[in-house]
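# Return atomic coordinates for the entry below.
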Amino acid sequence: MSELTTRKEGGGSPIQEEMEAVLSSLANEDALKIFQEAKEGITSSTQAIKKLKLTQKRYYARLKPLIETGLIEKTDSRYELTFLGKITYEILYRKMEKALENKDRIALIDKLNRAKSLSKEEKEQIASTLSVKDRIIGYSDIFGGIRPVEVISTFTDLVTVVIGLIEEANDAIFFATRYTDARISEPLIKAFDRGVKFLFLDGDRSNLSNRMQIIRIIFSNPKMIKQLHDILNSSNVKVRYANLPYSFAVVDGQYAVIEVVNPVTDKFLFGLLFNNDEICGKLIMMFNEFYEKGEKNSFIETFMGKTRS
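Predicted coordinates for the structure are as follows:
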């Protein structure tokens, strides 16, 4: 039997004991403060003690178990997170923290999943409207120059990921899509209100039913008509039609989402999410090439004609 799974007499496995030690070393507010401070590196314990408002005794009492469990190490006269520490930080501050911030929404999704009167498809559709904010979690510099890739298995998850990226955008969104999905409308309007630049390539020329649904929603709300009119006439927004082989988006030159298409059916197969500057740069170059060869968007032109009349 593997050494890792061998149980000590009267106790848990070595892995369970290590997990207990790691969690115990963090199970205190002072320890969490020191752990978070060590992410950027502690070059002066004196300054850290003052900044964190700890006594010297409390500081070193909580630092010691963090070092003993391998979460923090001292190198070149500074305390910093080990690789294990960086992974643990990722779990605590990128996953658990976001989960706790969204407790109410998560609780609603739990109730939804227990509802016996709804089909699986209905549950998924409702859950998508309750999508947890900041879903894009787990992306930091823990791997140095090599950034992780997240596989997005369903189209609903892909839309949720894109919405999350749009909600966090600060600079520019390059969005090339083969689909018309009303769920991204509100996040895009909010991004526009924040001053985010938006460049859009529409590759969905045939989906008339979804477009008509969007048009009906727009023209039933005078305020929305004005909002969309302002957006489409803004110098921060550019829209064209292009014949796209797959969908992709780049947000703030930092995050990229790419649709992988089934070569047989030409339908969505899965998606990939990257946190990589080089990939983002190449996709922006490709976006610009599509845009230069693109056509005026008939859907937008029709809308603009109606709003001017």
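# contacting residues around Leu273?
Leu273 sits next to 136, 149-150, 152, 161, 255-257 when contact means C-beta atoms under 8 Å, 6 or more residues apart in numbering. All C-beta atoms are positioned from the backbone trio N, CA, C, and that covers glycine.
# Now name the helix or strand holding it.
With the criterion set as DSSP states H and E, the secondary-structure element containing Leu273 is strand 268-275.
# Kindly report the domain assignment for the chain.
Under the assignment named as automatic domain parsing, the residue ranges that make up the domains of the chain are 14-92, 145-308.
# quick one: least confident of the contacts of Leu273?
Lowest in pLDDT among these is Ile136, which has 40.
# Tell me the helix or strand right after the strand holding Leu273.
Moving toward the C-terminus from strand 268-275, the first helix or strand encountered (DSSP H and E) is helix 277-293.
# neighbouring contacts of that following helix?
174, 176, 199, 201, 238, 240, 242, 244, 248, 250, 253-256, 258, 274.
# List the buried residues of the helix or strand harbouring Glu97.
Here Glu97, judged by DSSP H and E, is contained in helix 97-101. Buried residues in helix 97-101, counting neighbours by 16 or more other C-beta atoms under 10 Å, are found at Lys98.
# Would you mind measuring the gap between the ends of stretch 250-266?
Between the opening and closing residues of stretch 250-266 there is a gap of 22 Å (C-alpha to C-alpha, to the nearest Å).
# Revised request: answer the last question for stretch 259-272.
Between the opening and closing residues of stretch 259-272 there is a gap of 7 Å (C-alpha to C-alpha).
# One more: stretch 177-196?
One end of stretch 177-196 sits 18 Å from the other (C-alpha to C-alpha).
# Repeat that for stretch 34-45.
Using C-alpha to C-alpha, the end-to-end distance of stretch 34-45 comes out at 10 Å.
# Can you mark which positions in it are buried?
Under 16+ other C-beta under 10 Å, the buried positions of stretch 34-45 are 34-35, 37-39, 42.
# Counting by contacts, list what the helix or strand where Ile34 lies packs against.
Following DSSP H and E, the helix or strand that holds Ile34 is helix 29-37. The helices and strands touching helix 29-37, judged by 3 or more C-beta pairs under 8 Å, 6 or more residues apart in numbering; DSSP states H and E, are helix 14-26, helix 45-51, helix 56-68, helix 83-89.
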